[in-house]
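> Next one to model:
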Amino acid sequence: MVFSCESLKKKITKELNASHVVSSSRRSESSSLRGFTLLVVAVGLVVRWAVAVGPHSGQGRPPMFGDYEAQRHWQEVTLELPLRQWYANSSRNDLGYWGLDYPPLTAYHSWALGHAARALDPAFVAPHHSRGVEHDLHRLFMRASVLVAELAVYLPPLLLYTRDLKTNPVLAVLYPGLILIDHGHFQYNCISLGLTLAAVVALKRRRLALGSVFFSLAINYKQMSLYHSLPFFCYLLGVCLRQPTWAAALSKLIKIALAVVLTFAFVWAPFLYPSPADVLQVLHRIFPVARGLYEDKVASFWCAISVVVKVQNVLPRTWLTLLCLVTTLGVVLPSNLLLLRQPNNKNLLLSLFISSLGFFLFSYHVHEKSILLPATAAILLLPHHPVSATWFLAVSTYSLLPLMVKDKLVVQWAALLILFVAVAAKMMPPANSAFLRTARKVSLGGSIFLVLAQAVIAPPQRYPDIFPLLNSIFSCAHFLGFLTYAYWVQFRTESKQHAN
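Take a look at the predicted model:
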């Protein structure tokens, strides 16, 4: 009996010691991971600030300047005018000069920044007299405001996502597209995209109502977030329909609906009372149908085929918008119907990518900067499809070249893209097929050729936009290929699951 007790005691002690070793090892591993993540974030911040010291949109180009001035002007408008006049044309608010055209959450953010700007220097937001202000102190304030927004809203959910999947965050943090647009060109896409990332993290953790709140806020900050709306809707509805009882399904659906309705009500309440008609003016500004099929030479399907047929010159606007709607829905619906049937995390990520890329390629009035939405979905897919997702992120950055030329950010664009590709080459596994390896080489060679041609060859007088158009066609061809590949991955996975 004594022998048995002693043996048992030794066995327990041995197991406790082993458990202690494992626990210590896990703590050490967790500490190392946190240290590595902090290092990655620090490098990312340095890269962002290096881009931020360069030119910005419209710098020194009156009378409209650019998006930098638009963001500054919105601070002036929201600070100086009553809320009900923010979206209305008047002698104090000329909508022809960067009138507010984003949802209310952007306006509230501009109002808060306006207070900070006025505290720093009232001249930054002085009505009419501050147009085109580009003092060093003002640039420091504006650039810092983007950096703070990204640190507060975008990076936390991104790092949470990579931590949950135990993946390396380097490529996600160093994605050049967002850095160039927000910290170079100048915008606050990091806020709407960060809220979308937070929604995905919440859904992954089965916090459906919280995810609905985050995504509703994303839509209310930037209407382009609607590119992701169908996958969120189908996923949430699909989860509800898969509950064991109708009562459970209805209960979950009501919670999600309340989260969405209350979030929208909270954001829009100041415009609903006392005159709900003011909402119509806000909506008119948010969805400017009169502004055309696309802006500049964007890598959309309609711009790419303009060398053959300019559909905007063939069809009246009503028919053109209908054509875009039908085409876009036809492209994205199969993926979303599959997500509705199988609402799992993998289908959600693929549908987010397919839907946002489908909207970018085929919808009405597309900006070149809208490529950041499918790029965000590609970042989420990095742990699952590292080679193809990295390739897409590189091409999406390449597609921004015409905008970078206009903003005089080509050096920053080239440096970040080379850094991203070099880091990816060190981290990514080799392509698993000869076709894929060849396709990537052709893609890289084609992009280098177009960049060098644009640098050394003057465009003919008859076709001054030939190089931006070639860039758009080249990028659009890639995006169509990625869209097809994403569909193949999603339905191949579904067919395998069905067979099993």
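
> so where's the stretch 151-300 of the chain uncertain?
Counting by pLDDT under 70, the stretch 151-300 of the chain has low-confidence residues at 290.

> all helices of it, in order?
Counting by DSSP state H, counting those that start in this stretch, one finds helices in the stretch 151-300 of the chain at the ranges 155-164, 170-173, 176-178, 189-204, 208-221, 229-241, 246-272, 278-286.

> and those as CSV, adding mean neighbour count and distance to Trp302?
Glycine gets a C-beta too; all of them are placed from N, C-alpha and C. What follows is the helices of the stretch 151-300 of the chain, written out as CSV (neighbours: other Cβ atoms under 10 Å; distance: least, Cβ to Cβ, whole Å):
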stretch, mean neighbour count, distance to Trp302
helix 155-164, 19, 32
helix 170-173, 22, 31
helix 176-178, 27, 21
helix 189-204, 25, 23
helix 208-221, 23, 24
helix 229-241, 21, 20
helix 246-272, 15, 31
helix 278-286, 16, 21
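
> closest to Asp136 out of the ones you listed?
If you check each of these against Asp136 by Cβ to Cβ, helix 189-204 wins as the nearest, at 23.2 Å.

> Tell me which of the helices of the stretch 151-300 of the chain lies nearest to Ser90.
Proximity to Ser90 (Cβ to Cβ) singles out helix 278-286 among these, at 11.5 Å.

> Which residues does the next helix or strand after the closest one contact?
Next helix or strand after helix 278-286 toward the C-terminus (DSSP states H and E): helix 301-304. Contacts to helix 301-304, defined as Cβ atoms under 8 Å, 6 or more residues apart in numbering, come from residues 293-294, 297, 311-312, 324, 361-362, 366, 469, 472-473, 476-477, 480.

> about what we covered before: to Val77, which of the helices of the stretch 151-300 of the chain lies closest?
Of all those, helix 278-286 sits nearest to Val77, with 11.9 Å by Cβ to Cβ.

> just how off-centre is the closest one within its chain?
24 Å (Cα atoms, centre = their mean, to the nearest Å).

> That helix packs against which elements?
Here helix 278-286 touches helix 246-272, going by 3 or more Cβ pairs under 8 Å, 6 or more residues apart in numbering; DSSP states H and E.

> Could you give the separation of the helix it packs on from the chain centroid?
On Cα atoms, centre = their mean, the centre of helix 246-272 falls 24 Å from that of its chain.

> Identify the residue spatially nearest to Ser388, adjacent ones excluded.
In space, and not counting its chain neighbours, Ser388 is closest to Tyr485: 6.3 Å by Cβ to Cβ, 6 or more residues apart in numbering.

> And for Phe233?
The spatially closest residue to Phe233, leaving aside those adjacent along the chain, is Asn336, at 8.0 Å (Cβ to Cβ, 6+ apart).

> buried residues in the helix or strand harbouring the residue nearest to Ser388?
Tyr485 belongs to helix 466-499 when assigned by DSSP H and E. Of all the residues in helix 466-499, those buried under the rule 16 or more other Cβ atoms under 10 Å are 466-476, 478-479, 481-483, 486-487, 489-490, 493.

> got it, and stretch 122-132?
For stretch 122-132, using 16+ other Cβ under 10 Å, the buried residues are Phe124, Val125, Ser130, Arg131, Gly132.

> Quick check: the last one touching Phe65?
Yes - at 5.2 Å, Gly132 and Phe65 qualify as touching, with contact defined as Cβ atoms under 8 Å.

> How many neighbouring residues does the residue nearest to Phe233 have?
Neighbours of Asn336 under the rule other Cβ atoms under 10 Å: 24.

> same deal with the one 3 residues further on?
For Leu339, the count of nearby residues is 28 (other Cβ under 10 Å).

> again with the one 3 residues further on
As a burial measure, Gln342 scores 18 neighbours (other Cβ under 10 Å).

> likewise Gly445?
Gly445, neighbours per other Cβ under 10 Å, totals 10.

> same thing with the one 5 residues further on?
Here the number of neighbours of Leu450 (other Cβ under 10 Å) works out to 18.

> hmm, back to that, quick check: the two most widely separated of the buried residues of stretch 122-132?
Using Cβ to Cβ, the buried residues of stretch 122-132 span at most 13.0 Å, a distance reached by Val125 and Gly132.

> ok and the helix or strand encompassing Leu339 relative to helix 229-241, angle-wise?
In this assignment (DSSP H and E), Leu339 forms part of helix 317-341. Going by axes from the mean of the first three to the mean of the last three Cα atoms, to 10 degrees, helix 317-341 is angled at 30 degrees with respect to helix 229-241.

> Can you point out the buried residues in the next helix or strand along the chain from helix 317-341?
Once helix 317-341 ends, the next helix or strand along the chain (criterion: DSSP H and E) is helix 345-362. Across helix 345-362, burial judged by 16+ other Cβ under 10 Å covers 347-362.

> Could I get the average pLDDT for helix 345-362?
Helix 345-362 comes out with an average pLDDT of 97.

> With just CA atoms, put it into PDB.
Coordinates of each C-alpha in helix 345-362 appear next as PDB, following Å, rounded to 0.1, in the frame of the first residue of the first chain:
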ATOM      1  CA  ASN A 345     -16.300  31.000 -42.300                       C
ATOM      2  CA  LYS A 346     -14.600  29.800 -45.400                       C
ATOM      3  CA  ASN A 347     -17.600  30.500 -47.600                       C
ATOM      4  CA  LEU A 348     -18.000  33.900 -45.900                       C
ATOM      5  CA  LEU A 349     -14.500  35.000 -46.800                       C
ATOM      6  CA  LEU A 350     -14.700  33.800 -50.400                       C
ATOM      7  CA  SER A 351     -18.100  35.500 -50.800                       C
ATOM      8  CA  LEU A 352     -16.800  38.700 -49.400                       C
ATOM      9  CA  PHE A 353     -14.000  38.600 -52.000                       C
ATOM     10  CA  ILE A 354     -16.200  37.500 -54.900                       C
ATOM     11  CA  SER A 355     -18.900  40.100 -54.100                       C
ATOM     12  CA  SER A 356     -16.600  43.100 -53.600                       C
ATOM     13  CA  LEU A 357     -14.600  42.200 -56.700                       C
ATOM     14  CA  GLY A 358     -17.800  41.700 -58.700                       C
ATOM     15  CA  PHE A 359     -19.100  45.100 -57.600                       C
ATOM     16  CA  PHE A 360     -15.800  46.700 -58.500                       C
ATOM     17  CA  LEU A 361     -15.700  45.200 -62.000                       C
ATOM     18  CA  PHE A 362     -19.300  45.600 -63.000                       C
END
